[in-house]
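Engineer: okay, structure incoming, though there's no sequence with it:
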Ligand code: PEP
Ligand code: MG
């Protein structure tokens, strides 16, 4: 299908059981957000804020940071927009991590936010809480959580800021992308609004397989049955504790994997906005609805 063709993108897909398949968009720029709007995304499932940070807003003021994020919200108004807190490290390097011997297992993601980057964390949370006051569509996602307490610490900092600002707390969710968290899911019952599975990292850490190393890329097979079993376990547990779960890793953008995930029971996916049309075309072709 040609890139700009959106014949299928704006159709609703409802399964025979009455459930709707939702496609959110992963974005890294205002242009991506405009595409998300064009391709009728149900929301933005992942704003990779580290892209702005690594690009130019590393040392910007709170106002400037809010302006950057506002660009996304303006391009994609009225539907939920999930901003992932800064996920610096490993494949998303800054000068800081360049000196770690093993950055994939180092001080990255939420670990960094709770240590050396705490003022950045507070700044980012303040920006997002204020923007939620303006748009009412902001959701916050905490990346690279290995221990539930890391999430609770971030949540407490966010709640304190919201209280100080006299503003409502946006929905806050947890990124499931480190296998240790699968055995802590019960702790999140009633404590977070949503889960988002980052299958790119989840697979990397489950199989001890560097996601960016071409020498092992032929082994990077998320259709491996043990990984499918793991995803099924997460879905069952999330349903049991009443927390909606979506998949935001690349595997959902592979039509065959998407079918598998739908068969398994997943209904919400966040993919590149450019993939939505083709995926809906695929669903149409196999007459899943
Ligand atoms: C993931 O890990 O699957 C994910 C969506 O995040 P990123 O690719 O940015 O690490
Ligand atoms: Mg990740």
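Structural biologist: Structure received. Every value quoted in this text rests on a predicted model; they were computed, and no experiment measured them. Numbering: from 1, shown residues only. Ligands and ions are numbered 1, 2, ... in the order given.

Engineer: nearest residue to residue 173 in space, please, no chain neighbours.
Structural biologist: residue 194 (3.9 Å; C-beta to C-beta, 6 or more residues apart in numbering). Any C-beta I mention is one placed from the backbone N, CA and C, and that applies to glycine too.

Engineer: no, scratch that, I was asking about residue 146
Structural biologist: Closest to residue 146 by C-beta to C-beta, 6+ apart is residue 178, at 4.5 Å.

Engineer: repeat for residue 280
Structural biologist: Leaving aside its sequence neighbours, residue 280 is closest to residue 8 (4.0 Å, by C-beta to C-beta, 6+ apart).

Engineer: let me know how buried that neighbour is, in neighbour terms.
Structural biologist: By the criterion of other C-beta atoms under 10 Å, residue 8 has 20 neighbours.

Engineer: quick check: it touching residue 275?
Structural biologist: No: at 11.6 Å, residue 8 and residue 275 do not qualify as touching, with contact defined as C-beta atoms under 8 Å.

Engineer: alongside ligand 1, which residues does the stretch 1-150 of the chain contribute?
Structural biologist: Neighbours of ligand 1 within the stretch 1-150 of the chain, by C-beta under 6 Å from any ligand atom: residue 48.

Engineer: pLDDT weak spots in the stretch 1-150 of the chain?
Structural biologist: By pLDDT under 70, the weakly predicted segments of the stretch 1-150 of the chain are 1-4, 56-58, 90, 93-98.

Engineer: and if you look at the stretch 151-289 of the chain?
Structural biologist: Filtered on pLDDT under 70, the stretch 151-289 of the chain yields the residue ranges 288-289.

Engineer: which residue ranges of it form strands?
Structural biologist: Along the stretch 151-289 of the chain, the stretches classed as strands by DSSP state E, counting those that start in this stretch are 171-176, 194-197, 245-247, 268-271.

Engineer: now residue 237: closest residue in space, sequence neighbours ignored.
Structural biologist: Looking at residue 237 with C-beta to C-beta, 6+ apart, the closest residue is residue 185, at 4.7 Å.

Engineer: list the buried ones in stretch 271-289?
Structural biologist: Buried residues in stretch 271-289, counted by 16 or more other C-beta atoms under 10 Å: 271-283, 288.

Engineer: kind regards, and thank you for your time.
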